[in-house]
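Asker: Mind folding the following:
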Amino acid sequence: MHSAILLKAEVKALQAANEQKKRRERKRKRRIMQGGSLSVREGEDILQTAEVDAQIRTEVASEATQQRIIHRPEKGAVRIDLRETIIKLLYDRTNTDNS
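Answerer: The predicted model follows:
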């Protein structure tokens, strides 16, 4: 009885994941069809932008309100806002990649 319920829940979750994957593929195909073909460089830029955006969203969401305290005996405690640090590092990284 319980295994049937668990199997139904698993099937439902897999179907939802499959539908989401299909939607992403359709969206990607539609975008290529509307805008023509992409060059390799344009595709790489899109992927890189998506990866950076995902990384920023993940890191900012998990560290949004947290602050890290670094203890330095000679200077005391220095507060660093992680969100600003992450954004600055990613900004510097993307600028060096484009150069």
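
Asker: C-alpha from now on. contacts and neighbour counts both.
Answerer: Will do.

Asker: what ranges do the helices span in the chain?
Answerer: For the chain, the helices defined by DSSP state H occupy 2-35, 40-63, 82-98.

Asker: pLDDT on the shortest one, on average?
Answerer: Taken as a whole, helix 82-98 has an average pLDDT of 72.

Asker: now do stretch 4-19
Answerer: For stretch 4-19, the mean per-residue pLDDT is 87.

Asker: Restrict it to CA atoms and write it as CSV.
Answerer: Provided in CSV are the C-alpha atoms of stretch 4-19 (Å, rounded to 0.1, in the frame of the first residue of the first chain):
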residue,chain,number,x,y,z
ALA,A,4,2.2,2.2,-4.3
ILE,A,5,1.7,5.7,-2.9
LEU,A,6,5.5,6.2,-3.0
LEU,A,7,5.6,5.0,-6.6
LYS,A,8,2.8,7.3,-7.6
ALA,A,9,4.6,10.3,-6.0
GLU,A,10,7.8,9.4,-7.7
VAL,A,11,6.1,9.1,-11.1
LYS,A,12,4.4,12.4,-10.6
ALA,A,13,7.7,14.1,-9.7
LEU,A,14,9.4,12.5,-12.8
GLN,A,15,6.6,13.6,-15.0
ALA,A,16,6.9,17.2,-13.7
ALA,A,17,10.7,17.2,-14.2
ASN,A,18,10.3,15.8,-17.7
GLU,A,19,7.7,18.4,-18.6
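
Asker: Buried by neighbour count: which residues of that stretch qualify?
Answerer: Using 16 or more other Cα atoms under 10 Å as the test for burial, stretch 4-19 gives no buried residues.

Asker: And the chain, split by domain according to the record?
Answerer: Taking automatic domain parsing as the reference, the chain has its domains at 1-37, 38-99.

Asker: Next, give phi and psi for residue 39.
Answerer: Per-residue torsions, residue 39: phi -80, psi 170 (degrees, to the nearest 10).

Asker: okay, now it: neighbour count?
Answerer: By other Cα atoms under 10 Å, 9 other residues sit near residue 39.

Asker: Also residue 56?
Answerer: Using other Cα under 10 Å, residue 56 has 16 neighbouring residues.

Asker: Now do the contacts for it.
Answerer: 86, 87 (Cα atoms under 8 Å, 6 or more residues apart in numbering).
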